[in-house]
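Based on what follows, work out the 3D shape:
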Amino acid sequence: MMTIVKHRKIFFIGSLFLVVASLMAIFGYGLNLGSDFVGGVAIEIEYAGERPTLANLREAVSEFGLPGLVLQPSGENGLLLKIKTLTETEKEQVMTKLALAGEAPFTEDRFSEVGPTLGKELSRKGLIAITLVVILIILYIAFVFRQVTAHHMSSWKYGLVAIVALAHDVIISTGAMALLAHFTGAETDALFLTALLTILGLSINDTIVVFDRIRENLNRHSSNDFAEVVGRSLKETYIRSINTTLAIVITLVCLLIFGPESTRHFAIILLVGMTIGTYSSIFVAANLLVEWEARQRARLSVR
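Got it, this is the predicted structure:
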């Protein structure tokens, strides 16, 4: 695996391209924030018979031009409507249209409204959760690697490199969500936040496995070549990382193909995040350690 370490700048350029493209998508297209974050109305109905196709239902309510309207299947014959604003008159008109002029009778099972204040509170808690995860990861890695001092690579540097790799994964995953929002109208809801936290957890697990093997090899071998130790560690761990990811990817592909439409975008974001997370663990995080050590060694040699 020395080839990966030797040509690390190629992978850095590839990652930089993906991050820049993702940032352009995020700030250019933006995220279609759902009612979970900006407030809105959710209505769940259950059809007496077979649920009409989503295409027919969307066509039936398209004339109203309702902002942020999302229709999602719920169960076998149910339907979940999410919309940012809805007056009582508009609700009656929409319900009439969804019944397809009486051809598809249904009952209303649930009506809930999330105010802007509650939506902002959920957004705030989501940011706090992600920030807390990042801080705990740094502290955890700093503690676990506290005895690693070889090549002047302190435990904090391992933690910071891991966070850079996680930021790389989150930005690219969010960029994918921005593209979905632009081209398919996908909403950024609580499921997206769940996907991000899942990606963080699985990605840091892969990164820690690689870092832990680097630590073991530093203690086991007296090599003065840090890049060689990292290359050996990658060779010993990359199969495990790829196999673990493939097992999860197979599950997500099944969810994407056979699962309900309401979880489709969730599965896509997890697929992107898992793939990028494995890539960053093998090709980015470990190589960042090598680059940092090489630059540090060069500065010390000048002195």
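
Strands along the stretch 1-150 of the chain, start to end?
For the stretch 1-150 of the chain, strands defined by DSSP state E, counting those that start in this stretch occupy the ranges 40-47, 70-74, 78-83, 106-114.

Reformat those into TSV and put distance to residue 2 next to each item.
Any C-beta I mention is one placed from the backbone N, CA and C, and that applies to glycine too. Below are these laid out as TSV (distance: least, Cβ to Cβ, whole Å):
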stretch	distance to residue 2
strand 40-47	54
strand 70-74	49
strand 78-83	51
strand 106-114	54
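
Now do the SS call for residue 186.
coil (DSSP: H, G, I helix; E, B strand; the rest coil).

Low-confidence ranges, this structure, go.
Applying pLDDT under 70 to the chain flags the ranges 1, 101-102, 115-119, 147-153, 222-224, 300-303.

Which of the strands of the stretch 1-150 of the chain sits closest to residue 264?
Closest approach to residue 264 among the strands of the stretch 1-150 of the chain is made by strand 70-74 (9.5 Å; Cβ to Cβ).

circling back to that earlier point, now the strands of the stretch 1-150 of the chain in TSV, with distance to residue 131 and mean neighbour count?
Converted to TSV, the strands of the stretch 1-150 of the chain look like this (distance: least, Cβ to Cβ, whole Å; neighbours: other Cβ atoms under 10 Å):
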stretch	distance to residue 131	mean neighbour count
strand 40-47	26	20
strand 70-74	28	18
strand 78-83	27	20
strand 106-114	23	13
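
I'd like to know which of those strands is closest to residue 198.
strand 70-74 (20.2 Å).

who's in contact with the closest one?
34, 44, 51, 54, 57-58, 61, 79-83, 185, 187, 260-262 (Cβ atoms under 8 Å, 6 or more residues apart in numbering).

likewise stretch 160-168?
For stretch 160-168, contacts defined as Cβ under 8 Å, 6+ apart pick out 15, 19, 134, 137-138, 141, 200, 203-204, 207-208, 211, 276, 280-281, 284-285, 288-289, 292.

Quick check on these: which are buried?
15, 19, 134, 137-138, 141, 200, 203-204, 207-208, 211, 276, 280-281, 284-285, 288-289, 292 (16 or more other Cβ atoms under 10 Å).

can you pull out the helices in the stretch 201-303 of the chain?
With DSSP state H, counting those that start in this stretch as the criterion, the stretch 201-303 of the chain has helices at 226-258, 264-279, 286-302.

which of the ones you listed is buried the deepest?
With neighbours taken as mean count of other Cβ atoms under 10 Å, the helices of the stretch 201-303 of the chain reach their highest mean count in helix 264-279, at a mean of 23.

Great, nothing more from me.
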